[in-house]
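Whatever this is, show me its structure:
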Amino acid sequence: MKINTYNETGKNLSKFDLDKSLVGLKQEHKSVKRVHSQVLQNINQRIAFAFDNFYNRLEKGEKPGFPRFKGKNRYDSITYPQSGFSLGKKLYVSKIGEINIVQHRAIEGKIKTLTIRQNPTGKWFAIFCVEQEKKKAVRHDFVMAGIDMGLHHFYADSLGNITDNPRCLRKSEQKLAQVQRKHSRKKKGGKNRSKSRLNVALVYEKISNQRHDFLHKKSRKLATLYSLIAVEKLTIRNMIQNRHLSKSIADVAWRKFLQMLAYKVEETGGKTLKVNPRGTSQYCICGNEVKKTLAVRIHKCNKCWIWIDRDIMSAMMIKKVAMSGTTAGSAESNAWEDTTGGGTVNRSTSYVSMNQESLALRAI
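Okay, here's the model as predicted:
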């Protein structure tokens with residue numbers, strides 16, 4: 001309807017126009033009457049958002065893909081934005097009835113919306129958006145660390161701890177290739193192709209579950225150990241355009257990890273800082289410039305004679321930048337930003353000074 005109206009009259013129908021059309025739609029298609037009115041209005045809101053974003057991106061000079069129609073095999077969720085549901089021992093949903101559920105945890109706060117979603121492997125989930133009173137956590141200890149993200153190591157911190165990259169997708173590529181080859185041989189539209197699609201989805205689901213489990217555990221560990229964590233301000237969108245590294249960068253999921261880390265540190269009363277990564281891999285903690293390519297994995301300084309893993313040295317430099325507020329090898333200010341918001345940060349206090357770290361790591 002939006003496409004035809006735009007082609008014929010040049011008018012872009014708003015959400016209000018789409019909502020008015022629901023009356024005639026219910027008379028024309030009796031099956032639509034079996035759907036809750038607010039669910040239908042939410043679908044109109046999604047359509048309006050999709051087209052508004054499309055036109056806005058066109059005005060900015062971008063080349064976005066046209067919003068795609070989602071048929072019954074592609075539409076995987078519905079949302080009750082205000083009413084039409086209640087939660088007790090069972091989940092009651094208007095126009096559907098009572099549904100047996102397995103509740104993962106108790107819900108605290110006022111339930112605002114309900115989204116019912118089916119994932120690609122056929123599992124159903126009821127997702128509640130809840131309004132809660134914000135509880136400000138207070139942390140009495142002060143332990144600061146710098147974190148260097150990478151592909152060789154998932155991360156290294158300024159105290160010498162290294163976590164290996166799990167490479168969830170890379171380890172499952174052979175299995176994924178096998179099920180995808182079998183899927184490609186099935187006749188389109190047939191039952192066997194539908195069954196083989198489920199096998200492909202199961203492999204992807206396992207990869208996703210492995211990745212999320214790893215990210216949650218590592219981000220929680222860091223949030224528990226450190227009250228102030230300095231990380232690099234990465235331009236992942238630009239980095240992923242490198243065709244040699246794009247798959248590995250997507251597999252490691254830096255953006256998701258940093259999002260998890262930020263809210264978990266805030267929950268424990270800490271903070272995360274994003275620092276300018278410029279020069280953090282090309283300088284030593286003593287201030288000496290040590291140029292090296294990505295192939296060089298060991299940092300060797302000919303001034304203070306530290307031999308150490310380059311990722312650990314980068315993490316130490318990230319911490320130093322966060323403490324001093326300058327970029328590596330310069331006096332440039334505004335080198336970091338507080339990503340959790342509020343309060344001030346003491347940039348010169350830490351349980352372990354940079355000189356002590358340098359002496360301790362020299363022996364590693």
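
what sits up against stretch 39-51?
2, 12, 14-15, 18-19, 22, 32, 67, 78-81, 84 (CB atoms under 8 Å, 6 or more residues apart in numbering). C-beta here means a position set from N, CA and C on the backbone, and glycine is covered the same way.

next one: stretch 181-197
So stretch 181-197 is in contact with 179, 199, 200, going by CB under 8 Å, 6+ apart.

Let me know the closest of those to residue 136.
residue 200 (45.2 Å; CB to CB).

In strands, which of the contacts of stretch 39-51 fall?
The strands, defined by DSSP state E, take in 78, 79, 80 from the contacts of stretch 39-51.

Show me which of these are buried.
Buried members of the ones in strands among the contacts of stretch 39-51, scored by 16 or more other CB atoms under 10 Å, are 78, 79, 80.

Tabulate these (a markdown table), appending distance to residue 119 and pLDDT.
Formatted as a markdown table, those follow (distance: CB to CB, whole Å; pLDDT from 0 to 100):
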| residue | distance to residue 119 | pLDDT |
| --- | --- | --- |
| 78 | 14 | 92 |
| 79 | 16 | 94 |
| 80 | 19 | 94 |
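
any idea which element the residue positioned nearest the centre of the chain lies in?
Nearest to the mean C-alpha position of the chain, by CA atoms, centre = their mean, lies residue 256 at 2.7 Å. Assessed by DSSP states H and E, residue 256 sits inside helix 254-267.

if we can go back for a sec, for the contacts of stretch 181-197, which one is nearest residue 137?
The closest of the contacts of stretch 181-197, once distances to residue 137 are taken by CB to CB, is residue 200, at 42.2 Å.

Which residue ranges of the stretch 101-250 of the chain form helices?
In the stretch 101-250 of the chain, the segments counted as helices under DSSP state H, counting those that start in this stretch are 168-185, 191-225, 236-239, 246-252.

again with the stretch 251-364 of the chain
According to DSSP H, counting those that start in this stretch, the helices that the stretch 251-364 of the chain contains are 254-267, 310-324, 354-362.

so which of those gets nearest residue 287?
helix 310-324 (9.4 Å).

Which positions within the closest one qualify as buried?
So helix 310-324, judged by 16+ other CB under 10 Å, has buried residues 310-324.

likewise stretch 266-274?
Here stretch 266-274 shows 266, 268, 270, 271, 272, 273, 274 as buried, counting by 16+ other CB under 10 Å.

Next, count neighbours for residue 91.
19 (other CB atoms under 10 Å).

what residues go with each domain of this structure?
Using automatic domain parsing, the domain parsing of the chain gives 1-69, 76-133, 144-362.

which of the ones you listed sits most buried?
Among the domains of the chain, domain 144-362 has the highest mean neighbour count (mean count of other CB atoms under 10 Å), at a mean of 17.

pLDDT at residue 307, what is it?
Looking at residue 307, its pLDDT stands at 80.

show me where pLDDT drops low in the chain?
The model of the chain has pLDDT under 70 over residues 325-364.

For the closest residue to residue 167 other than its chain neighbours, give its distance to residue 208.
If the residues on either side of it in the chain are set aside, residue 167 comes closest to residue 251, at 6.4 Å by CB to CB, 6 or more residues apart in numbering. The gap separating residue 251 from residue 208 is 11 Å, by CB to CB, to the nearest Å.

same deal with residue 16?
From residue 16 to residue 208 the distance is 38 Å (CB to CB).

now stretch 71-85, how far from the chain's geometric center?
23 Å (CA atoms, centre = their mean, to the nearest Å).

May I have that stretch as PDB, with CA atoms only?
C-alpha atoms of stretch 71-85 as PDB (Å, rounded to 0.1, in the frame of the first residue of the first chain):
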ATOM      1  CA  GLY A  71       5.800 -12.900   4.400                       C
ATOM      2  CA  LYS A  72       4.600 -15.500   6.800                       C
ATOM      3  CA  ASN A  73       7.900 -17.400   6.600                       C
ATOM      4  CA  ARG A  74      10.000 -14.300   7.400                       C
ATOM      5  CA  TYR A  75       7.900 -12.600  10.100                       C
ATOM      6  CA  ASP A  76       9.100 -14.000  13.300                       C
ATOM      7  CA  SER A  77       7.700 -11.800  16.100                       C
ATOM      8  CA  ILE A  78       4.700  -9.900  17.300                       C
ATOM      9  CA  THR A  79       4.600  -7.200  20.000                       C
ATOM     10  CA  TYR A  80       1.900  -6.200  22.500                       C
ATOM     11  CA  PRO A  81       3.000  -2.600  23.300                       C
ATOM     12  CA  GLN A  82       0.600  -1.800  26.200                       C
ATOM     13  CA  SER A  83      -2.100  -4.400  26.900                       C
ATOM     14  CA  GLY A  84      -3.500  -7.700  25.800                       C
ATOM     15  CA  PHE A  85      -1.500 -10.000  28.000                       C
END
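
List the contacts of it.
Against stretch 71-85 from outside (CB under 8 Å, 6+ apart): 35-36, 38-39, 41-43, 91-95, 112-120.

Also stretch 304-316?
So stretch 304-316 is contacted by 145-148, 150, 152-153, 155-158, 160, 162, 280-281, 284-286, 288, 292, 296-301, 354, 357-358, 361-362, 364 (CB under 8 Å, 6+ apart).

Just the buried residues of stretch 266-274: which are in strands?
Mapping the buried residues of stretch 266-274 onto strands (DSSP E) picks out 271, 272, 273, 274.

The last one - nearest residue in space that isn't next to it in sequence?
The one in question is residue 274. residue 233 (3.9 Å).

how close does residue 51 sit to residue 159?
50 Å.

and stretch 257-276, how far from the chain's centre?
The mean C-alpha position of stretch 257-276 is separated from the chain mean by 13 Å, CA atoms, centre = their mean.
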